[in-house]
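S.K.: Got a sequence here, can you model it:
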Amino acid sequence: MLPAPASSALTYLRSIILFLIPRLNLIEHGIEIFRIFIKADRISIRKLSEEINIECPVTGYRMEGNMSISLKNILLYSISTLIWGSTWFAITLQLDHADPMASVAYRFLLASVMMFIYCVAARKNLRFGFRTHLFIFLQGFFSFTFSYWLVYLAEMRLTSGLVAVICSFLIFLNIVNRSLLLKFKINRLVLFGAALGVIGIVLIFLPEMKTQSFSHETWISIILVFIATLFYSFGNIVAERNIRNGIPVIQSNAFGMGYAALIMIAFALFSGKSLAIDPQFPYLASLAYLSVFGSVITFYCYFTLIGNIGSDKAAYGPVVVPVIALFLSALYEDYHWSGYAVAGIVLLIVGNFLVLNKKSMNREVT
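M.R.: The predicted model follows:
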């Protein structure tokens, strides 16, 4: 018998499967369009809009005309946040069925293998020098290892609302780290929008946080989540540095996730953690979903977005992710919106506009 959160998550995944089965033809076309979207990404982002004339070799579908870079960024932003919002449900299927370290390792190992298969099939360049591999390794280490594992551990003692609030500080960490490490000026509009977003997250999860008891173990878990968020911020900064130095997103993710998986497997063996998993449908389905959608597709979109608009602005996406999860919870579980939550949503929307509007994209002031 599955616990209540896992049962709800399984119901959610099954509803997705039942919805998609009669639409396989649409999915096939969607995959082809996504391939076109990746190909369109090769176009220079230095101009606001570019002439696009690309034909899918399978169906003959053609994308042509002007595609605004801002529209493309909206698509990248929307895809990454919507998928990440649903991964919260998939993760609940794994918490009680395998060691978190094993789940993280297998998730990114499977994602890495799939991307390498794509790179070989598409004849992508997979030869890079030692220095390039060093920065790809750093991207994988900071983005896909302890930044995930520490959150898994902390969620065993903390409410998900408190975890979401701490993780929302990613946007501030990215603003500061981007300024210190990449020497970009701090954008005041982005800073103010980030503040509104974090306040909005606090309001949304305030009722849940009031139920949290603060013991010695709780404070340790809070520190672990902050360390995880700091790691993830460093991963964002390294990803932006790599993209600006011409390292392709797909190849860097393939190698980076592979490095991360090997690190987690080695750490698990060294620390005596079990690498066994539950071979039942709920766990395997969640693993496949997290690998394909939550890793391959989402991190392609997110890191491409970082390359387009900067890690400071792109970090607003992970801030919004818990809210997407709440909307899904309202649909498939028994979540009810409070006055605090509604006020928080309003602040998030305003903050989102300030961070991602065209004026903030073009101004970086001290």
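
S.K.: only C-alpha atoms for contact and neighbour calcs from this point on.
M.R.: Noted.

S.K.: Quick check: end-to-end length of stretch 267-275?
M.R.: Using CA to CA, to the nearest Å, one end of stretch 267-275 lies 11 Å from the other.

S.K.: pLDDT averaged over that stretch - what is it?
M.R.: Regarding stretch 267-275, the rounded mean pLDDT is 91.

S.K.: SS state for Ile247?
M.R.: The local conformation at Ile247, judged by DSSP: H, G, I helix; E, B strand; the rest coil, is coil.

S.K.: okay, it: pLDDT?
M.R.: Per the predicted model, pLDDT is 96 at Ile247.

S.K.: which one is it nearest to, not counting chain neighbours?
M.R.: Closest residue to Ile247 apart from its sequence neighbours, by CA to CA, 6 or more residues apart in numbering: Thr132 at 7.8 Å.

S.K.: and that neighbour, how many neighbours does it have?
M.R.: Number of residues near Thr132 (other CA atoms under 10 Å) recorded here: 16.

S.K.: Wait, a helix at it?
M.R.: Yes. Under three-state DSSP, Thr132 falls within a helix.

S.K.: Check the gap between it and Tyr152 for me.
M.R.: In terms of CA to CA, Thr132 sits 30 Å off from Tyr152.

S.K.: do Phe303 as well
M.R.: Taking CA to CA, one finds Phe303 at 22 Å from Tyr152.

S.K.: same thing with Ser274?
M.R.: Taking CA to CA, one finds Ser274 at 15 Å from Tyr152.

S.K.: next one: Ile345
M.R.: 26 Å.

S.K.: Then Asn245?
M.R.: For Asn245, the distance to Tyr152 - CA to CA - is 32 Å.

S.K.: Who has more neighbours out of these two?
M.R.: Of the pair Asn245 and Tyr152, Tyr152 is the one with more neighbours under other CA under 10 Å, namely 22 against 10.

S.K.: For that one, pull up the helix or strand it's in.
M.R.: Taking DSSP states H and E as the definition, one finds Tyr152 inside helix 146-154.

S.K.: and the host helix or strand of Leu262, what other elements does it pack with?
M.R.: Per DSSP H and E, Leu262 falls inside helix 249-271. Packing partners of helix 249-271 (3 or more CA pairs under 8 Å, 6 or more residues apart in numbering; DSSP states H and E): helix 100-121, helix 130-144, helix 298-309.

S.K.: and those helices, which is most packed in?
M.R.: helix 298-309 (a mean of 23; mean count of other CA atoms under 10 Å).

S.K.: Does anything pack onto that one? Which helices or strands?
M.R.: helix 69-92, helix 216-244, helix 249-271, helix 311-314.
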